[in-house]
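Participant: Sequence unavailable; structure follows:
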(Lines give C-alpha, C1' and ligand atoms only; values in the text may rest on other atoms or scores of the structure.)
Protein backbone atom coordinates (compact mmCIF):
# COMPACT_ATOMS: atom_id res chain seq x y z
CA UNK A 1 0.00 0.00 0.00
CA UNK A 2 1.50 3.33 -1.04
CA UNK A 3 1.95 6.04 1.56
CA UNK A 4 -0.27 9.09 1.35
CA UNK A 5 1.63 12.16 0.14
CA UNK A 6 0.71 15.52 1.57
CA UNK A 7 -0.74 17.83 -1.07
CA UNK A 8 -1.94 20.64 1.15
CA UNK A 9 -0.43 23.39 3.20
CA UNK A 10 -1.79 24.83 6.39
CA UNK A 11 -2.86 28.45 6.43
CA UNK A 12 -2.17 29.82 9.92
CA UNK A 13 -4.01 33.08 9.19
CA UNK A 14 -7.20 31.32 8.11
CA UNK A 15 -10.16 31.53 10.49
CA UNK A 16 -10.69 27.74 10.32
CA UNK A 17 -8.80 25.92 13.12
CA UNK A 18 -5.75 23.93 12.04
CA UNK A 19 -7.24 20.57 13.01
CA UNK A 20 -10.24 21.27 10.76
CA UNK A 21 -7.94 22.32 7.91
CA UNK A 22 -6.25 18.91 8.18
CA UNK A 23 -9.60 17.10 8.35
CA UNK A 24 -10.98 18.99 5.33
CA UNK A 25 -7.82 18.24 3.34
CA UNK A 26 -8.26 14.51 3.96
CA UNK A 27 -11.95 14.67 2.99
CA UNK A 28 -11.10 16.56 -0.21
CA UNK A 29 -8.48 13.94 -1.14
CA UNK A 30 -11.09 11.21 -0.61
CA UNK A 31 -13.58 13.09 -2.80
CA UNK A 32 -10.96 13.60 -5.52
CA UNK A 33 -10.08 9.91 -5.47
CA UNK A 34 -6.51 10.35 -4.23
CA UNK A 35 -7.46 8.42 -1.09
CA UNK A 36 -9.64 5.35 -1.46
CA UNK A 37 -11.55 3.25 1.04
CA UNK A 38 -9.09 1.08 2.96
CA UNK A 39 -6.06 3.32 2.34
CA UNK A 40 -3.84 3.80 5.36
CA UNK A 41 -3.20 7.30 6.68
CA UNK A 42 0.11 8.27 8.26
CA UNK A 43 0.45 7.91 12.00
CA UNK A 44 -0.33 10.92 14.16
CA UNK A 45 3.30 11.43 15.14
CA UNK A 46 4.68 11.35 11.61
CA UNK A 47 1.90 13.57 10.23
CA UNK A 48 2.40 16.06 13.06
CA UNK A 49 6.13 16.11 12.38
CA UNK A 50 5.67 16.67 8.63
CA UNK A 51 3.12 19.46 9.19
CA UNK A 52 5.07 21.03 12.06
CA UNK A 53 2.06 20.93 14.40
CA UNK A 54 1.48 19.38 17.80
CA UNK A 55 0.42 15.75 17.81
CA UNK A 56 -2.80 16.66 19.65
CA UNK A 57 -3.78 18.79 16.63
CA UNK A 58 -3.52 15.75 14.36
CA UNK A 59 -5.37 13.61 16.90
CA UNK A 60 -8.17 16.20 16.99
CA UNK A 61 -8.37 16.08 13.18
CA UNK A 62 -8.48 12.27 13.20
CA UNK A 63 -11.16 12.31 15.92
CA UNK A 64 -13.23 14.72 13.83
CA UNK A 65 -12.89 12.50 10.75
CA UNK A 66 -13.80 9.39 12.77
CA UNK A 67 -16.87 11.12 14.20
CA UNK A 68 -17.98 12.07 10.68
CA UNK A 69 -17.40 8.52 9.43
CA UNK A 70 -14.53 9.22 7.03
CA UNK A 71 -11.88 7.14 8.82
CA UNK A 72 -11.62 4.15 11.12
CA UNK A 73 -8.96 3.79 13.77
CA UNK A 74 -7.78 0.27 14.55
CA UNK A 75 -5.70 -0.09 17.69
CA UNK A 76 -2.12 -1.22 17.03
CA UNK A 77 -2.82 -1.34 13.27
CA UNK A 78 -3.33 2.23 12.13
CA UNK A 79 -5.79 4.73 10.75
CA UNK A 80 -7.63 3.90 7.53
CA UNK A 81 -10.12 5.51 5.19
CA UNK A 82 -13.51 3.95 6.00
CA UNK A 83 -14.84 1.26 3.72
CA UNK A 84 -18.33 2.74 4.15
CA UNK A 85 -17.95 6.44 3.35
CA UNK A 86 -20.49 8.97 4.54
CA UNK A 87 -22.84 10.66 2.08
CA UNK A 88 -20.59 12.58 -0.28
CA UNK A 89 -23.21 15.14 -1.23
CA UNK A 90 -24.57 17.38 1.50
CA UNK A 91 -28.28 17.06 2.09
CA UNK A 92 -30.51 19.89 0.96
CA UNK A 93 -32.63 21.56 3.54
CA UNK A 94 -36.28 22.37 2.97
CA UNK A 95 -36.62 25.88 1.56
CA UNK A 96 -37.99 28.32 4.13
CA UNK A 97 -41.03 29.13 2.01
CA UNK A 98 -42.26 25.55 1.78
CA UNK A 99 -41.92 25.07 5.55
CA UNK A 100 -44.03 28.19 6.10
CA UNK A 101 -46.65 26.97 3.65
CA UNK A 102 -46.77 23.60 5.38
CA UNK A 103 -47.22 25.23 8.79
CA UNK A 104 -49.89 27.55 7.42
CA UNK A 105 -51.86 24.63 5.97
CA UNK A 106 -51.72 22.84 9.33
CA UNK A 107 -53.07 25.97 11.01
CA UNK A 108 -55.87 26.24 8.45
CA UNK A 109 -56.92 22.70 9.31
CA UNK A 110 -56.78 23.45 13.02
CA UNK A 111 -58.54 26.80 12.62
CA UNK A 112 -61.85 25.03 12.30
CA UNK A 113 -61.36 23.58 15.79
CA UNK A 114 -59.29 26.21 17.62
CA UNK A 115 -59.61 29.58 15.94
CA UNK A 116 -57.71 31.75 18.44
CA UNK A 117 -54.60 29.57 18.80
CA UNK A 118 -54.06 29.09 15.09
CA UNK A 119 -54.71 32.69 14.19
CA UNK A 120 -52.01 33.80 16.58
CA UNK A 121 -49.59 31.24 15.13
CA UNK A 122 -50.45 32.28 11.59
CA UNK A 123 -49.84 35.89 12.52
CA UNK A 124 -46.38 34.95 13.83
CA UNK A 125 -45.57 33.10 10.61
CA UNK A 126 -46.51 35.98 8.34
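Facilitator: Yes, it's here. All values derive from a computational prediction rather than experimental measurement.

Participant: Could you work out the end-to-end span of stretch 26-45 for me?
Facilitator: In stretch 26-45, first residue to last residue: 16 Å (CA to CA, to the nearest Å).

Participant: in it, what counts as buried?
Facilitator: 26, 27, 29, 30, 35, 39, 40, 41, 42, 44 (16 or more other CB atoms under 10 Å). Just so you know, the C-beta spots here come from the backbone N, C-alpha and C atoms, and that holds for glycine as well.

Participant: Just the ones of those residues in helices?
Facilitator: 26, 27, 29, 30, 44 (DSSP state H).

Participant: which residue ranges form the helices in the protein?
Facilitator: 18-32, 44-51, 55-68, 96-111, 115-125.

Participant: Pick out the shakiest of these, pLDDT-wise.
Facilitator: Mean pLDDT per stretch puts helix 115-125 lowest among those, at a mean of 55.

Participant: which residues are contacting stretch 20-28?
Facilitator: With contacts defined as CB atoms under 8 Å, 6 or more residues apart in numbering, stretch 20-28 is touched by 7-8, 10-11, 14, 16, 35, 41, 47, 51, 53, 57-58, 61, 64-65, 68, 70-71.

Participant: Show me the two of the ones in helices among the buried residues of stretch 26-45 that sit farthest apart.
Facilitator: Spanning the widest gap among those are 30 and 44, at 18.2 Å by CB to CB.
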